[in-house]
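J.: Based on what follows, work out the 3D shape:
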Amino acid sequence: MSCFCSFIKWKSSRDQDLFDGNRDIEGIGNTATYSYKELRKATSDFSCKIGEGGFGSVYKGRLKDGRDVAVKVLSTESRQGVKEFFTEVKVLSGIVHENLVRVYGCCVEGDHRILVYNYLENNSLAQTLLGSGSSGQSNIHFNWRTRVKICLGIAMGLAYLHEEVDPHIVHRDIKASNILLDKDLNPKISDFGLARLLPPNTTHVSTRVAGTFGYLAPEYAIRGQVTRKSDVYSFGVLLMEIVSGRSNTNMKLPYEEQLLLEKSQEVIHGLLLLQTWSLFQRGELEKIIDPCLYEDLDKEEACRFLKVGLLCTQDITKLRPTMTTALRMLKGELDIDSTQISKPAIIQDFMQVKLTGQRPPISSLGMASSSDESTRVSLTFTAITDRE
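T.: Residues are numbered from 1 along each chain as shown. Down below sits the predicted model:
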């Protein structure tokens, strides 16, 4: 990738402990730079907030050339987020794809760390289709053909990252809130702050585990080894959410109910996945399809999408398809009905067998609240498994 060839100067005492003091930062030479004054003017003094992430806020703005943009401002109080900021700039500065967000530029001035993206009119799947926005509902009607387009677009974007970009890229945080929609409801994968590069001839890299409950591949959470199959698992969960119109994560239960045995973490964070598997075993997959779908619904195709989702979330990682294979199955180019599907993987299954033999309490998993009502986690378990 050509994005690893250039340099940009930055000076900030805040970041010295993270980046060895004042030095050149590699990897963002293909990205335009903006002054803080310029972006402050473009956003009318950061007055129109359109989103909030784990490390800062996003504002709508307009550049002097007339382009509408989304301006992501890293909180000046966020020390951890600086690493994610530079990762995102490095990853996105050298790649362009119709199903990935486009980075126009960044601001690295004093304590300010700001990214400038193309503006996407219809926010995220989490806020529209799954209704986790402030209003809890959306006026967008997601008919079946629209959902097919979204699923295929996400699959194409991931296949591009996994197989066409060199070095390959693992996103590590595929979820509904990181799928943004343009005015025509075309999906764009966003938030590459947790992304990792896979060097040539490398199957995985070991790293701090970070991701989002409900989407986090269990074997990755336990071993800390990033593989492309980690993204495949997250994509499988997302497929089920899009077809069913429901979230795989329910964090709206009262706290005391989350701690009850009968409302265990496995149910809170994997209810949709488990229900889909149960219905598949009984030959009743159509029951999980969003009841709001009726006009152009193709039940056979919808059930095929759900089966692909189950394939992507299988317990044994080597049985999960690549994103290119998953894409071909979604399009009906490969037969899925003759493919055996094994049970899905759940984080609790791994920890119960490989760690203590008991289900750990929610508080022991490093859960931290997030503004988009999903939970990004950092796990530090060490274990050896034989599931890959």
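
J.: Any stretches of this protein with poor pLDDT?
T.: Under the criterion pLDDT under 70, the flagged ranges of the chain are 1-30, 53-54, 77-81, 132-138, 198-211, 213, 250-269, 347-388.

J.: Domain ranges for it, per the record?
T.: The record assigns the chain these domain ranges, following automatic domain parsing: 2-118, 144-379.

J.: most neighbours per residue, which of the ones you listed?
T.: Between those, the one whose residues have the most neighbours on average, counting mean count of other C-beta atoms under 10 Å, is domain 144-379 (a mean of 19). No exception for glycine: its C-beta is placed from N, CA and C like everyone else's.

J.: CSV for the domains of the chain, including distance to residue 127?
T.: Putting the domains of the chain into CSV (distance: least, C-beta to C-beta, whole Å) gives the following:
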stretch, distance to residue 127
domain 2-118, 8
domain 144-379, 7
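
J.: so when I look at residue 76, I'm seeing a helix, right?
T.: No: inclusion of residue 76 in a helix is not indicated when DSSP: H, G, I helix; E, B strand; the rest coil is applied; the result is coil.

J.: wait, doesn't it sit right on residue 114?
T.: No: with contacts defined as C-beta atoms under 8 Å, residue 76 does not count as touching residue 114, sitting 10.8 Å away.

J.: For residue 307, see how far away residue 338 is.
T.: Using C-beta to C-beta, to the nearest Å, one gets 11 Å for the distance from residue 338 to residue 307.

J.: Repeat that for residue 237.
T.: Following C-beta to C-beta, the distance that separates residue 237 from residue 307 is 14 Å.

J.: Now the residue nearest to residue 158 when sequence neighbours are not counted, what are its backbone angles?
T.: Among residues not flanking residue 158 along the chain, residue 323 sits closest, at 4.5 Å (C-beta to C-beta, 6 or more residues apart in numbering). Note on residue 323: its backbone torsions stand at phi -70, psi -30 [degrees, to the nearest 10].

J.: Repeat that for the one 3 residues further on.
T.: As for residue 326, its main-chain torsions (degrees, to the nearest 10) stand at phi -60, psi -40.

J.: wait, doesn't it sit right on residue 233?
T.: No: with contacts counted by C-beta under 8 Å, residue 326 stays clear of residue 233, the gap being 11.1 Å.

J.: any residues in contact with both of those two?
T.: The overlap between the contact sets of residue 326 and residue 233 (C-beta atoms under 8 Å, 6 or more residues apart in numbering) consists of residue 312.

J.: For residue 129, find the nearest of the domains of the chain.
T.: Across the domains of the chain, residue 129 has its closest neighbour in domain 144-379 (6.3 Å, C-beta to C-beta).

J.: Do a quick rundown of the helices in the stretch 101-250 of the chain.
T.: Applying DSSP state H, counting those that start in this stretch to the stretch 101-250 of the chain gives helices spanning 144-159, 218-223, 228-244.

J.: Tabulate these (a markdown table), appending distance to residue 302.
T.: Listed next are these as a markdown table, based on distance: least, C-beta to C-beta, whole Å:
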| stretch | distance to residue 302 |
| --- | --- |
| helix 144-159 | 7 |
| helix 218-223 | 26 |
| helix 228-244 | 5 |
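
J.: Sounds good, over and out.
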